[in-house]
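Trainee: Pasting the sequence and the predicted coordinates here, then a few questions.
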There are 2 protein chains.
Amino acid sequence: MTAEAPRRQPTLDEVAERAGVSRSAASRVINKAPHVSRATRAAVERAVKELGYRPNRTARALATQRTGIVALVVSHDDPELFADPFFAQVIVGVSAVLEDTDFHLLLCLASSGRGRSRLVNLLHAGGVDGVMLMALRDEDPLNDIVSKAGLPVVYGGRPVNFEPRWFVDSDNLGGARLATEHLVGIGRTRVVTITGQLHTRVGEDRYRGYREAMVMAGLTPYGMAEADFTEAGGAEAMRALLDRHPDLDAVFAASDNMAAGALRVLNDLGRSVPADVAVVGFDDLRLAGLTDPPLTTVHQSIQALGKEMTQALLGLIAGQERTSIILPTWLVRRGSA
Amino acid sequence: MTAEAPRRQPTLDEVAERAGVSRSAASRVINKAPHVSRATRAAVERAVKELGYRPNRTARALATQRTGIVALVVSHDDPELFADPFFAQVIVGVSAVLEDTDFHLLLCLASSGRGRSRLVNLLHAGGVDGVMLMALRDEDPLNDIVSKAGLPVVYGGRPVNFEPRWFVDSDNLGGARLATEHLVGIGRTRVVTITGQLHTRVGEDRYRGYREAMVMAGLTPYGMAEADFTEAGGAEAMRALLDRHPDLDAVFAASDNMAAGALRVLNDLGRSVPADVAVVGFDDLRLAGLTDPPLTTVHQSIQALGKEMTQALLGLIAGQERTSIILPTWLVRRGSA
DNA sequence: CCGGTTTCCGGGACCGCTCCCAGGACCCTG
DNA sequence: CAGGGTCCTGGGAGCGGTCCCGGAAACCGG
């Protein structure tokens, strides 16, 4: 129970000496390189076991120019933003993949200028082998910082103003279209939408999906209000829309949180859902199952996004060209539409 | 916009050469060591600027035996567990402190055996300078793994079966006592509790706080049901308690999630809250403000916990003895009690 | 003017590992 | 049995820094 004497970890030299071979030979068996006799291998393996040897990560990193660390960089001006369960899901996905590799995850919440300059240092100082970037606002300085670093980069989601070389994104456009088509399919014609911030790609895509579906159905987009993906924002937008279009009969909210806000307002105002107004959300958060009525919504798999990002990045690090990926989304029918 | 030619980063030698001084001298000015002439300093600083030099983290780490990385290790058998907003808050706190330092955060979700052995490697191979550990189940193998590593360790929360040398924890005991005292204070006498898992320290402490407050008030604990901190678990426990003690007039739920479940059951069964049954939760999650009625609950600051853990760890790494910390909790009155 | 500090400087060992390379042992042909 | 492979092996030069140490230069009071 008392703390072990902080004995220095044994080095490769010590292993080699104990095994009666050269450091090179020891290194070879440890790295499973070829051209090692059975005898040498056995001797070294024994020495390793007896000494409890572990190759020093730092030394190895210096020699190989590989750290075995990948960074997940999250842009967040508002520290609360990270609290969104979205990121936790991404991290779970990322970790699941890394768990089967020798890579570890460095988490970087870069907000302030100070935080950004730390990031610049980290990337230019060979601190990581690659980065997964989630910087979804337009004009995010992180985009520049990271691209200058000359490291493999995979985007999670896409920025508005340019299309990264490699990214993984959910099919927001298709999902929004699905949602809208569903509303039209059940006979609604006066369908409005509550969008997320339109200066984000995801906000834009989901809005576009809605419009496209409406047009394709021969309808005109009936109304829209821009909100911020939050419950409160959704509620406010819903009020505004009811004000402007009292006869609306369906709403597509670009997030479950906003849909929940909308639902709250509709309930409060005595509009029955889905009879008077049908509602569809987006994301399929846990919350979607708990609203009243349960929310029909578009499912996206955020863990899968994390996994794919990671696999893509590891691939790039290993020198394989990979193609960007758009993950499918699909409709989950519950009570609200 | 095209990828920069992957020019190698300049090395210290190149800086030294350009500045016309030795590597030692260059190193000195970069590390702001004393005994450097103004001329040398200026020359080196100029060379650094011109070359865009950044000291290589890995090389420095090898030489100094310091990586500049701290690990946050989260034990989670269930990958979903990490999705709890709790961890996101911790991370936000940790990052906030780290942002003003040169340390970076390595996030380690260790579940499977594979994940654990990776962790062992990481810790014994000098991959990090210290660890913050959140392993709250009893008998968690991580406790052992980490203690054997001979690294500075700070616990977030406490394990059940032993008291770590350094930890940061919320005052769960005091908070639970406060909650219960409040219920008693508003005249309730048949107060039951819904606990979290009693094989966790937090579950135990909050249960103990309840009992102590009851006894101190001259009442006997009226009933309890063990749940798992989740909404569903809370609901089920509530039903069981109503079954066993139909005349209960108050319930202290050891988490907001469980309180929300309890509330749902009470509403469904037509018991009015707080008139018939008063309810107090614990955590003060966002959700507490959104239930019907809004939840009276015990507030704990999870970001603060992350911050304190980090400060404690950085202190230990710097060689300062620090004392463990218990963070205050307090009651937030809303409608449910 | 001269010993003794103090300030500044560069040489070089070291951190712990990888990997190239030259060379010895061994095997197999013709 | 000469000659050309393989298969192993150890030596040693790196990766890019830090830091100790001895010595040169500058400064000082007596």
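Mentor: Everything's here; your move.
Trainee: Which strand or helix spans the residue nearest the centre of chain A?
Mentor: Closest to where the C-alpha atoms of chain A average out (CA atoms, centre = their mean) is A:Val90, at 4.3 Å. Element membership of A:Val90 [criterion: DSSP states H and E] is helix A:85-98.
Trainee: do the next helix or strand after that helix and chain B meet?
Mentor: Next helix or strand after helix A:85-98 toward the C-terminus (DSSP H and E): strand A:104-110. Yes: applying CB under 8 Å from any CB of the partner chain, one finds strand A:104-110 touching chain B at A:104-109. Where you see a C-beta, it was placed from the backbone N, CA and C, and this is true even at glycine.
Trainee: Among those, name the buried ones.
Mentor: A:104-109 (16 or more other CB atoms under 10 Å in any protein chain shown).
Trainee: Quick one: residues contacting A:Val70.
Mentor: Residues counted as contacts of A:Val70 (CB atoms under 8 Å, 6 or more residues apart in numbering or on different chains) are A:98, A:103-106, A:128-132, A:310, A:313-314, A:317.
Trainee: could you dump those residues to a markdown table with pLDDT and distance to DNA strand C?
Mentor: Below are these laid out as a markdown table (pLDDT from 0 to 100; distance: CB to the nearest atom of the strand, whole Å):
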| residue | pLDDT | distance to DNA strand C |
| --- | --- | --- |
| A:Leu98 | 96 | 20 |
| A:Phe103 | 97 | 16 |
| A:His104 | 98 | 17 |
| A:Leu105 | 98 | 22 |
| A:Leu106 | 98 | 21 |
| A:Val128 | 97 | 18 |
| A:Asp129 | 97 | 14 |
| A:Gly130 | 97 | 18 |
| A:Val131 | 97 | 22 |
| A:Met132 | 97 | 25 |
| A:Thr310 | 98 | 23 |
| A:Leu313 | 97 | 20 |
| A:Leu314 | 97 | 18 |
| A:Ile317 | 96 | 14 |
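Trainee: So is the helix holding A:Val90 next to chain B?
Mentor: Yes: Helix A:85-98 reaches chain B (CB under 8 Å from any CB) through A:85, A:87-89, A:91-92, A:95-96.
Trainee: Can you pick out the most distant pair from the residues you listed?
Mentor: Based on CB to CB, the longest span within the residues of helix A:85-98 next to chain B runs between A:Pro85 and A:Ala96 and measures 16.3 Å.
Trainee: can you list the residues of the stretch 51-200 of chain A near DNA strand C?
Mentor: Contact residues, the stretch 51-200 of chain A versus DNA strand C (CB under 7 Å from any atom of the strand): A:53-56, A:59-60, A:62-64.
Trainee: hang on, the earlier thing: who wins for neighbours among the contacts of A:Val70?
Mentor: Counting neighbours by other CB atoms under 10 Å in any protein chain shown, the top entry in the contacts of A:Val70 is A:Leu313, with 29 neighbours.
Trainee: helix or strand for that one, which one?
Mentor: helix A:302-317.
Trainee: Quick check: the closest residue to DNA strand D within the stretch 201-337 of chain A vs chain B, distance?
Mentor: For the stretch 201-337 of chain A and DNA strand D, the shortest gap (CB to the nearest atom of the strand) falls at A:Ile317, measuring 17.7 Å. For A:Ile317, the distance to chain B (CB to the nearest CB, to the nearest Å) stands at 13 Å.
Trainee: cool, A:Pro10 as well?
Mentor: Distance, A:Pro10 to chain B, using CB to the nearest CB: 10 Å.
Trainee: quick one: contacts for that residue?
Mentor: A:51-53.
Trainee: The nearest residue to A:Asp100 once chain neighbours are set aside: neighbour count?
Mentor: Among residues not flanking A:Asp100 along the chain, B:Arg114 sits closest, at 6.7 Å (CB to CB, 6 or more residues apart in numbering or on different chains). Residues near B:Arg114, counting by other CB under 10 Å, number 12.
Trainee: Three-state assignment for B:Arg114, please.
Mentor: helix (DSSP: H, G, I helix; E, B strand; the rest coil).
Trainee: close enough to count as contact, it and A:Ala96?
Mentor: No: applying CB atoms under 8 Å, one finds B:Arg114 not in contact with A:Ala96, separated by 10.9 Å.
Trainee: which SS class is A:Gly218?
Mentor: Per three-state DSSP, A:Gly218 ends up coil.
Trainee: Give me the neighbour count for it.
Mentor: With other CB under 10 Å as criterion, A:Gly218 counts 8.
Trainee: how far away is it from DNA strand C?
Mentor: Remark: distance between A:Gly218 and DNA strand C (CB to the nearest atom of the strand, to the nearest Å) = 63 Å.
Trainee: On the pLDDT front, check that residue for me.
Mentor: pLDDT recorded at A:Gly218 is 97.
Trainee: ok, so what distance separates it from A:Val184?
Mentor: Here A:Gly218 is placed at a distance of 9 Å from A:Val184 (CB to CB, to the nearest Å).
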